[in-house]
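Colleague: A predicted structure for the sequence below; I have some questions about it.
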Amino acid sequence: MQFLIDEDLPRSTGDLLRSYGHKAIDVRDIGLRGAKDSQIASYAQSRDLCLVTGDFDFSDIRNYPPAQYMGLIVLSIPRDVPALFILNLLEGFLKQDKLVSELPGKLAIVEPGRIRIRKG
(Lines give C-alpha, C1' and ligand atoms only; values in the text may rest on other atoms or scores of the structure.)
Protein backbone atom coordinates (compact mmCIF):
# COMPACT_ATOMS: atom_id res chain seq x y z
CA MET A 1 0.00 0.00 0.00
CA GLN A 2 0.92 3.63 -0.31
CA PHE A 3 0.50 5.91 2.68
CA LEU A 4 0.35 9.64 3.25
CA ILE A 5 1.70 10.54 6.70
CA ASP A 6 0.20 13.56 8.43
CA GLU A 7 2.50 16.07 10.12
CA ASP A 8 1.31 15.19 13.63
CA LEU A 9 3.16 11.86 13.44
CA PRO A 10 6.89 11.31 13.93
CA ARG A 11 9.16 11.40 10.90
CA SER A 12 10.13 7.80 11.68
CA THR A 13 6.59 6.71 10.77
CA GLY A 14 7.72 6.51 7.14
CA ASP A 15 10.58 4.19 8.07
CA LEU A 16 8.17 1.91 9.93
CA LEU A 17 5.76 1.74 6.99
CA ARG A 18 8.59 1.04 4.56
CA SER A 19 9.90 -1.75 6.82
CA TYR A 20 6.55 -3.49 6.21
CA GLY A 21 6.96 -3.14 2.44
CA HIS A 22 4.75 -0.09 1.98
CA LYS A 23 5.47 3.21 0.29
CA ALA A 24 5.23 6.31 2.44
CA ILE A 25 5.00 10.02 1.68
CA ASP A 26 5.19 12.62 4.45
CA VAL A 27 3.12 15.79 4.05
CA ARG A 28 6.15 17.77 5.30
CA ASP A 29 8.12 16.65 2.25
CA ILE A 30 5.56 17.68 -0.37
CA GLY A 31 4.70 21.21 0.68
CA LEU A 32 1.64 20.36 2.76
CA ARG A 33 3.04 21.27 6.19
CA GLY A 34 0.37 23.39 7.88
CA ALA A 35 -2.18 22.59 5.16
CA LYS A 36 -5.88 22.38 5.94
CA ASP A 37 -7.31 18.93 6.59
CA SER A 38 -9.35 19.22 3.40
CA GLN A 39 -6.17 19.78 1.35
CA ILE A 40 -4.46 16.77 2.89
CA ALA A 41 -7.54 14.63 2.34
CA SER A 42 -7.82 15.78 -1.26
CA TYR A 43 -4.16 14.96 -1.92
CA ALA A 44 -4.55 11.46 -0.47
CA GLN A 45 -7.78 10.89 -2.36
CA SER A 46 -6.50 12.05 -5.75
CA ARG A 47 -3.41 9.85 -5.52
CA ASP A 48 -5.00 6.75 -4.00
CA LEU A 49 -3.01 7.07 -0.79
CA CYS A 50 -4.10 5.78 2.59
CA LEU A 51 -3.91 8.61 5.11
CA VAL A 52 -2.37 7.88 8.50
CA THR A 53 -2.86 10.58 11.13
CA GLY A 54 -3.38 11.35 14.78
CA ASP A 55 -5.99 13.99 13.92
CA PHE A 56 -9.40 12.81 15.09
CA ASP A 57 -11.14 15.22 12.69
CA PHE A 58 -10.51 12.56 10.04
CA SER A 59 -12.62 10.07 11.99
CA ASP A 60 -15.77 12.06 11.17
CA ILE A 61 -17.24 9.94 8.39
CA ARG A 62 -19.67 12.71 7.43
CA ASN A 63 -16.76 14.93 6.38
CA TYR A 64 -14.39 12.14 5.29
CA PRO A 65 -16.47 9.17 4.05
CA PRO A 66 -14.11 6.16 4.12
CA ALA A 67 -15.57 4.76 0.89
CA GLN A 68 -13.99 7.69 -0.96
CA TYR A 69 -10.45 6.89 0.23
CA MET A 70 -7.88 4.13 -0.06
CA GLY A 71 -8.17 4.01 3.69
CA LEU A 72 -7.96 6.26 6.71
CA ILE A 73 -5.98 5.31 9.80
CA VAL A 74 -6.52 7.50 12.84
CA LEU A 75 -4.20 6.80 15.75
CA SER A 76 -5.58 7.59 19.19
CA ILE A 77 -2.56 9.33 20.68
CA PRO A 78 -2.54 10.77 24.20
CA ARG A 79 -0.79 14.13 24.54
CA ASP A 80 2.95 14.24 25.05
CA VAL A 81 3.79 10.62 24.37
CA PRO A 82 7.16 9.58 22.96
CA ALA A 83 7.50 8.72 19.29
CA LEU A 84 8.07 5.08 20.25
CA PHE A 85 4.55 4.89 21.71
CA ILE A 86 3.07 6.12 18.43
CA LEU A 87 5.20 3.77 16.33
CA ASN A 88 4.28 0.78 18.52
CA LEU A 89 0.59 1.68 18.20
CA LEU A 90 0.83 1.79 14.41
CA GLU A 91 2.95 -1.35 14.26
CA GLY A 92 0.27 -3.23 16.20
CA PHE A 93 -2.07 -2.44 13.30
CA LEU A 94 0.46 -3.18 10.55
CA LYS A 95 1.12 -6.65 11.97
CA GLN A 96 -2.48 -7.59 11.19
CA ASP A 97 -2.11 -8.29 7.47
CA LYS A 98 -5.81 -9.01 6.93
CA LEU A 99 -6.87 -5.65 8.37
CA VAL A 100 -4.29 -3.81 6.29
CA SER A 101 -5.29 -5.59 3.08
CA GLU A 102 -8.97 -4.82 3.69
CA LEU A 103 -8.38 -1.16 4.57
CA PRO A 104 -9.34 0.50 1.25
CA GLY A 105 -12.72 2.17 1.70
CA LYS A 106 -12.56 1.92 5.50
CA LEU A 107 -11.61 3.94 8.54
CA ALA A 108 -9.42 2.30 11.18
CA ILE A 109 -9.29 3.94 14.59
CA VAL A 110 -6.28 2.47 16.35
CA GLU A 111 -6.20 2.72 20.13
CA PRO A 112 -3.97 0.97 22.65
CA GLY A 113 -5.36 -2.56 22.85
CA ARG A 114 -8.18 -2.00 20.36
CA ILE A 115 -8.80 -1.36 16.67
CA ARG A 116 -12.18 -0.16 15.43
CA ILE A 117 -13.03 -0.46 11.73
CA ARG A 118 -15.78 1.63 10.15
CA LYS A 119 -17.16 1.49 6.65
CA GLY A 120 -18.85 4.35 4.95
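Modeller: Everything's here; your move.
Colleague: Quick one: mean pLDDT for the longest helix seen in the chain?
Modeller: In the chain, with assignment by DSSP state H, the single longest helix is helix 83-94. Confidence over helix 83-94, taken as the mean pLDDT, stands at 97.
Colleague: now it, how far from the centre of its chain.
Modeller: Taking C-alpha atoms, centre = their mean, to the nearest Å, one finds the center of helix 83-94 at 11 Å from the center of the full chain.
Colleague: where does the residue nearest in space to the middle of the chain fall, helix, sheet strand or coil?
Modeller: Among the residues of the chain, the one closest to the centroid is Val52, at 1.1 Å (C-alpha atoms, centre = their mean). Val52 carries the three-state label strand when classified by DSSP: H, G, I helix; E, B strand; the rest coil.
Colleague: Would you enumerate the residues in contact with it?
Modeller: Listed by C-beta atoms under 8 Å, 6 or more residues apart in numbering, the contact set of Val52 reads Phe3, Leu4, Ile5, Asp6, Leu9, Thr13, Leu17, Ile73, Leu75, Leu90. For every residue, glycine as well, the C-beta is placed using N, CA and C.
Colleague: Show me what the longest helix of the chain packs onto, helices and strands only.
Modeller: In terms of contact count using 3 or more C-beta pairs under 8 Å, 6 or more residues apart in numbering; DSSP states H and E, helix 83-94 is assigned the packing partners helix 13-19, strand 72-75, helix 97-101, strand 106-111.
Colleague: buried residues in it?
Modeller: Buried residues in helix 83-94, counted by 16 or more other C-beta atoms under 10 Å: Ile86, Leu87, Leu89, Leu90, Phe93, Leu94.
Colleague: Over to stretch 71-84?
Modeller: Gly71, Leu72, Ile73, Val74, Leu75, Ile77.
Colleague: Could you list the low-pLDDT ranges of this protein?
Modeller: The chain contains no residues with pLDDT under 70.
Colleague: if we can go back for a sec, of the contacts of Val52, just say which sits nearest to Gly34.
Modeller: Ranking these by separation from Gly34, with C-beta to C-beta as the measure, puts Asp6 on top at 11.4 Å.
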